[in-house]
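>>> My questions are about this predicted structure, shown below with the sequence.
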Amino acid sequence: MPLSTQSEAGDDQYVLVASLDNAKNLSNILKAITFKDHALFNATANGLKVTVEDSKCLQANAFIQAEIFQEFTIQEDSVSFQVNLTVLLDCLTIFGGSTVPGVTTALRMCYKGYGFPLTLFLEEGGVVTVCKINTQEPEDPIDFEFCSTNVTNKVILQSDSLKEAFSELDMTSEILQITMSPSQPYFRLSTFGNAGNAHYDYPKDSDMMELFQCTKTQTNRYKMSLLKPSTKALALSCKVSVRTDNRGFLSLQYLVRNDDGQICFVEYYCCPDEEVEEE
Amino acid sequence: MMHVSTERQRASATFQKFSQWLRESEARNGGFWGYSEVWYYGKQNNGTAIDLQTEIQSDAPHTTCEDRTSHKMDCMVTGGNVKVLAKAIHSLSRIGEELYLEPQEDGLALRTVNSSRSAYACFLFAPLFFQKYVPGRNPTFRCKMAVKCVQAVFRSLSSLEKTVERCHIELNVEKSRLTFTLHCKHGLLKTHNLSFQDSESLQAVFDKDSCPNILQAQPRLLVDTVLHFPPSLEEVSVSVSGERVWFRNHVEEEAERSRAMLTELCISAEEFEQFAVSAPTRITFCLKEMRGLLMFAESSGLPVSLYFDEPGRPVVLSLTDSVLEVNFVLATLSEESHPQNHDNTNTDRRARPPPPPDDFMNDDMDFLIAMETTELAAGGSGCSPPQAQDAGMSQLRTRAASEGEEEEEDREEEAEDTGRPPNKKFRSLFFGSVLPTSSQATNQTLRSQDVLASDSEDEDPESS
C-alpha cells in the first residue's frame, strides 16, 4: 500500500497516528455531532473522543475506540487539539464519498504535536491526497457533572421507535418536554406548538423498550433547537439510552454500528430549559 | 423470549460499561469494546390490514342510538381505514387551508373549499367506516381547523399502514379540543390535541344527478392521462363527443399563441366504465384539485365519476363506496373564456367540433357552484347571519347570503340581478345562509336547485 511506505520513515515524530481502511467509518460518526464548526479532539490509548459544544448548554461527544482503527499509536497519555470540524469533514470526503461497493477511501491521520497541523493522507483508487488542517488551541470542554450515581431515570430504546417520533415532532414547538415516570405515562415526549399539543407515550413493557429504570416522576423541558442536532446521531444509531439526573440534565447515548459492524458511541448532554411543575 | 431478555440485559450492561468508561477513563479492552453481536428481533406480525369495507361489529349499527347522550363525538378507525382517512386529509390539504369537520348522523363529513372558492371537496365517511361512531349529542355541532394541523397527525403516509393499529378521534366541545389518538405498534401511543374554531356548515349546492354527461373510469386511466401534463399546468380542458374524450391543456387567452405548447390526449369511450354524453361539450377546470382527488382515488381503487353540464356549470368528480362518498365540485370556465381559435383548430382537424351551447353564451357568470353556509339553530329559531364573525367565510358574503333565510326561488332571482362579476376567471361561490331544517342531515346534495349567484369582492366586508 503506497500510504504506509510513503510516510513510514517519519512516523516517530508523530505523537498520534491513526489509520482507517474506510474513512467513512470516521466521517459518518463525526457528522452525527456536526452542529458547530469547532471540535475538540482528545486521543488516549482507548481511542478518540471528539467533542462539540453549543451555547454552554449542549455538548456532543463521539467516541471512536482504538479498535476501530487499523492502526492507532499514541506516544503520550493524552493528546488534545482543536480543529474546524467542517473542514475536516470536507477533507475526509474529498473523493466524493463514493457509494460504489468495494471502493473506499483509506485514511491515515497524523499529528506531530502542539502547534502542528493535523495531517491527513487520503487514498482512493491509487490517488493520494494530503490535507493539512491547522489546529487550534484546545479549550477545556464543559463538565456537565453528569454522574451515573445521580441518574434518577433511565430508559434504553430501540432507535427506530424514537426516529419515528423525532421525524414527526412538531417543530413549531420551542421545547421538547420529556416525562419519565415509574407510573403512567412512563416515558413521554411532548410538544406544544401552534397546532396544539402532541404527546408520544412509550409504555414500559413495549418491545422497543430495552430497559426501563425510572425511580421518580420527572418532567423536564429542553430547547428543541438544542436537541435538533441529536437527530443526526439518532438516525445513525440502533439503540439509544435516555437518562436524566436529579438536576434534570439530559444524557442521550447512541449506539452506532458502522459499515463494518463495529460499535461506536455518540453522546449528547443537554441542560433543561426551565423548571416545570409536575402535572 | 429468553433471547430477547438476555439481549436487553446485555444492552443495558453495554451502556453501563460505556458510561463507566466515559467517566473513569478506564482502559477496558473486553466489555463493550468487543461488542459485536448481531442484534436481531423477530419481526412483529402485522395486523391484517382491513380494507375499505370495514369489518363490522354486530352491534355497530346501534351504537349511534345508544350513545345519544354523549357530549362528545367519539369514533374509532382501525386497520387500513386509518390510511384511507389519512389519504383523505392529505387530499383535502391540496385544495383548501381549512378543514371543516362535521359529525353527522349519517357519518363524519370532512370538507374544504379553496381560497378562491372555485373548488369544494367533501368526504363523507359512513358510520360503518368506523369501528365505533358516536356523533355526539349535539347534531348541529361543526368546527374547522387548519388542515395542516390535522395533516401533521398523519404525517408519514408510508409508515402509517405499518405502524398505526387504530386511530381514535374524540371531539370534546367543552374543552374545545379535538383529540387524535394513534395506537401504534409496540404500544406506542401518539396523542395530538388540536384546537378548533366553531364554524358554520360548509356545503356546496350541486346536483350531480341532473348532469347530462357522466363519465366513469378507473382511477388509473385518469391518472395516466393527467400524468402527461406538466405540474405547472393550471387548467385542463375536457371535450366529449359521442364516442371520445379529449384532454388538453388550457392555454390562457393572453398567452402568446406561437409559444404555447399544446398537449392533447384522446381517449375512446370504450376505456370508460360508463360513458353517457348527451351533447358534445367542452369544459375547462383546475387540474390541481383533480390531481388531489386522483391521488386518493388511486390509493382506494375506486372508480372516478365525472358529472358535468355546460361550460360554466360546475363539474363534480365523485367516488362512491358503501362506507364512503367523495365529491369534489370544481368550477369550470364559461364558454366565452375559451380561446376560440385554439378550440377550432383542434377540433376541426378531427371534424368533431363540440358545438358550443349558445344558450349559455350570454351568461354573465363565469361559473357557478352554489354553496350554503348553514347556521344550525337547533330548534329552527331565528339565527343570526352566521358568517360575519368568521373570517374564512367573510369573503363569501353575497347579497343573497345576507338574506339567507329567504326561499330559494328568491335567491335565484337575487342571482339574476347581481351585477357584473369580478374580473377573474373562476369566481367565488355563492354561499347562502339557510335554515337547516331540511338540509342538516344531508351531506352534499341539498335538494335545492343550483342557485346561481355571483359573488362580488367589493361587497366583502372584512376580508382578512
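On my side now, so go ahead. Residues are numbered from 1 along each chain as shown, chains lettered A, B, ... in the order given.

>>> wait, what's in contact with the closest residue to chain A within chain B?
Going by Cβ to the nearest Cβ, chain A is nearest to B:C149 of chain B, at 3.4 Å. (C-beta placed from N, C-alpha, C; glycine too.) Applying Cβ atoms under 8 Å, 6 or more residues apart in numbering or on different chains to B:C149 gives the contacts A:194-196, B:194.

>>> and it, that's in a strand?
No - the assignment for B:C149, made by DSSP: H, G, I helix; E, B strand; the rest coil, is helix rather than a strand.

>>> Reformat the contacts of B:C149 as a markdown table; add distance to B:V316, neighbour count and secondary structure.
Compiled in a markdown table, the contacts of B:C149 are given as follows (distance: Cβ to Cβ, whole Å; neighbours: other Cβ atoms under 10 Å in any protein chain shown; DSSP: H, G, I helix; E, B strand; the rest coil):
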| residue | distance to B:V316 | neighbour count | secondary structure |
| --- | --- | --- | --- |
| A:N194 | 34 | 12 | coil |
| A:A195 | 31 | 22 | coil |
| A:G196 | 34 | 21 | strand |
| B:L194 | 30 | 23 | strand |
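
>>> what's the spacing between the closest residue to chain B within chain A and B:K148?
Nearest residue of chain A to chain B: A:A195, at 3.4 Å (Cβ to the nearest Cβ). A:A195 sits 7 Å away from B:K148, going by Cβ to Cβ, to the nearest Å.

>>> excluding its backbone neighbours, what's nearest B:W246?
Using Cβ to Cβ, 6 or more residues apart in numbering or on different chains and skipping residues adjacent in sequence, the residue nearest B:W246 is B:S239, 4.4 Å away.

>>> Count the residues that sit near the one you found.
B:S239 has 23 neighbouring residues, counting by other Cβ atoms under 10 Å in any protein chain shown.

>>> quick one: secondary structure of it?
Applying three-state DSSP: B:S239 is strand.

>>> Go ahead and confirm A:N25 touches A:D260.
Yes - using Cβ atoms under 8 Å, A:N25 makes contact with A:D260 at a distance of 6.7 Å.

>>> Throw the contacts of B:C149 into CSV and include distance to B:Q104 and pLDDT, thanks.
Putting the contacts of B:C149 into CSV (distance: Cβ to Cβ, whole Å; pLDDT from 0 to 100) gives the following:
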residue, distance to B:Q104, pLDDT
A:N194, 29, 83
A:A195, 25, 78
A:G196, 24, 88
B:L194, 20, 93
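
>>> farthest pair in these?
The distance between the two most remote of the contacts of B:C149 (Cβ to Cβ) is 10.3 Å, for A:N194 and B:L194.

>>> Redo the contacts of B:C149 as a markdown table? Include distance to B:H183.
Shown next, in a markdown table, are the contacts of B:C149 (distance: Cβ to Cβ, whole Å):
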| residue | distance to B:H183 |
| --- | --- |
| A:N194 | 25 |
| A:A195 | 20 |
| A:G196 | 19 |
| B:L194 | 18 |
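
>>> Pick out whichever of those residues sits closest to B:L306.
B:L194 (33.9 Å).

>>> ok, that closest one - contacts?
Contacts for B:L194 were tallied using Cβ under 8 Å, 6+ apart; they are A:195-196, B:145, B:149-150, B:153, B:177-180.

>>> Alpha carbons only: can I get stretch A:91-105 in PDB?
Extracted in PDB, the C-alpha atoms of stretch A:91-105 (Å, rounded to 0.1, in the frame of the first residue of the first chain):
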ATOM      1  CA  CYS A  91     -11.300  16.600   3.600                       C
ATOM      2  CA  LEU A  92     -12.500  13.200   4.700                       C
ATOM      3  CA  THR A  93     -15.000  13.200   1.900                       C
ATOM      4  CA  ILE A  94     -12.600  14.800  -0.600                       C
ATOM      5  CA  PHE A  95     -13.100  11.900  -3.000                       C
ATOM      6  CA  GLY A  96     -16.800  12.500  -3.000                       C
ATOM      7  CA  GLY A  97     -17.700   9.700  -0.600                       C
ATOM      8  CA  SER A  98     -18.200   7.100  -3.300                       C
ATOM      9  CA  THR A  99     -21.200   4.800  -2.800                       C
ATOM     10  CA  VAL A 100     -19.800   2.100  -5.200                       C
ATOM     11  CA  PRO A 101     -19.400  -1.100  -3.200                       C
ATOM     12  CA  GLY A 102     -15.800  -2.000  -2.600                       C
ATOM     13  CA  VAL A 103     -14.500   1.400  -3.300                       C
ATOM     14  CA  THR A 104     -13.400   3.100  -0.100                       C
ATOM     15  CA  THR A 105     -11.200   5.900   0.900                       C
END
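
>>> Now do that stretch: distance to the chain's middle.
Relative to its parent chain, stretch A:91-105 has a centroid offset of 21 Å by Cα atoms, centre = their mean, to the nearest Å.

>>> which residues touch it?
A:21-24, A:26-27, A:30, A:107, A:120, A:122-125, A:127, A:129, A:131, A:133.

>>> Now, those that are in strands?
Counting by DSSP state E, the contacts of stretch A:91-105 place A:107, A:120, A:122-124, A:127, A:129, A:131, A:133 in strands.

>>> which of those has the most neighbours?
A:L107 (25 neighbours).

>>> From A:F69, how far off is that one?
Distance from A:L107 to A:F69, by Cβ to Cβ: 9 Å.

>>> shared neighbours, these two?
By Cβ under 8 Å, 6+ apart, the residues touching both A:L107 and A:F69 are A:18-20.

>>> Against B:S268, how distant is B:M290?
20 Å.

>>> ok, those two, which is more surrounded?
Between B:M290 and B:S268, B:M290 has the larger neighbour count (other Cβ under 10 Å), namely 24 against 10.

>>> What does the pLDDT read for A:I68?
A:I68 carries a pLDDT score of 93 in this model.

>>> which residues touch it?
A:20, A:25-26, A:47, A:258, A:262, A:264.

>>> among these, which are in reach of chain B?
A:Q262 (Cβ under 8 Å from any Cβ of the partner chain).

>>> which two in the contacts of A:I68 are spaced the farthest apart?
Across those, the longest distance by Cβ to Cβ is 13.2 Å; it joins A:G47 and A:N258.

>>> Looking at these two now, which is surrounded by more residues?
A:G47 (20 against 17).

>>> State the distance from the residue nearest to the more buried one when sequence neighbours are not counted to A:N25.
Among residues not flanking A:G47 along the chain, A:Q65 sits closest, at 3.7 Å (Cβ to Cβ, 6+ apart). Distance of A:Q65 to A:N25, computed by Cβ to Cβ: 11 Å.

>>> shared neighbours of these two, which are they?
What both A:Q65 and A:N25 touch, as defined by Cβ under 8 Å, 6+ apart, is the set A:C264.

>>> picking that back up, who has more neighbours, A:N25 and A:D260?
A:N25 (19 against 11).

>>> Helix or strand: which one has A:V256?
strand A:250-257 (DSSP states H and E).

>>> swap in B:E298?
In this structure, B:E298 sits in helix B:287-300 according to DSSP H and E.

>>> so what does that helix touch, helix or strand wise?
Packing partners of helix B:287-300 (3 or more Cβ pairs under 8 Å, 6 or more residues apart in numbering or on different chains; DSSP states H and E): helix B:80-93, strand B:119-125, helix B:219-226, strand B:235-240, strand B:304-308, strand B:315-321, strand B:324-330.
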